[in-house]
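Undergrad: need a 3D model of the sequence below.
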Amino acid sequence: MPIYEIIKCKSESKFIELHFIVHSIYFVFYFIFEY
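TA: Numbers count the residues shown, from 1 in each chain. Got it, this is the predicted structure:
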């Protein structure tokens, strides 16, 4: 069970990182197209 929890935690952190990167890219594109 602890191993599963560690894997789950790591995958969640990866998902959060990906989500953050996608939002950053979206924001940059939005900013570029506004000007």
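
Undergrad: and residue 22, what element?
TA: If you go by DSSP states H and E, residue 22 is part of helix 2-34.

Undergrad: and that helix, how far from the chain's centre?
TA: 0 Å (C-alpha atoms, centre = their mean, to the nearest Å).

Undergrad: quick check: buried residues in stretch 26-35?
TA: When burial is assessed from 16 or more other C-beta atoms under 10 Å, stretch 26-35 yields no buried residues. Where C-beta positions appear, they are placed from N, C-alpha and C, glycine not excepted.

Undergrad: outside of that stretch, which residues touch it?
TA: By C-beta atoms under 8 Å, 6 or more residues apart in numbering, no surrounding residue is in contact with stretch 26-35.

Undergrad: before we move on, the earlier item: what mean pLDDT does the helix holding residue 22 have?
TA: Mean pLDDT, helix 2-34: 82.

Undergrad: next, the buried residues of it.
TA: Per 16+ other C-beta under 10 Å, helix 2-34 contains no buried residues.

Undergrad: quick one: residues contacting residue 4.
TA: Contacts of residue 4 (C-beta under 8 Å, 6+ apart): none.

Undergrad: roughly how far apart are it and residue 12?
TA: The gap separating residue 4 from residue 12 is 12 Å, by C-beta to C-beta, to the nearest Å.

Undergrad: overlap in contacts of the two?
TA: Contacts common to residue 4 and residue 12, judged by C-beta under 8 Å, 6+ apart, are absent.

Undergrad: from residue 9, how far off is residue 23?
TA: Per C-beta to C-beta, residue 23 is found 21 Å from residue 9.

Undergrad: next: residue 19.
TA: Distance of residue 19 to residue 9, given as C-beta to C-beta: 16 Å.

Undergrad: residue 2: what's it in contact with?
TA: Residue 2 neighbours (C-beta under 8 Å, 6+ apart): none.

Undergrad: for residue 20, that is, sorry about that
TA: Contacts of residue 20 (C-beta under 8 Å, 6+ apart): none.

Undergrad: make 3 the first number, not 1, from now on.
TA: All right, first residue 3 from here; so that's residue 22.

Undergrad: all set, thanks.
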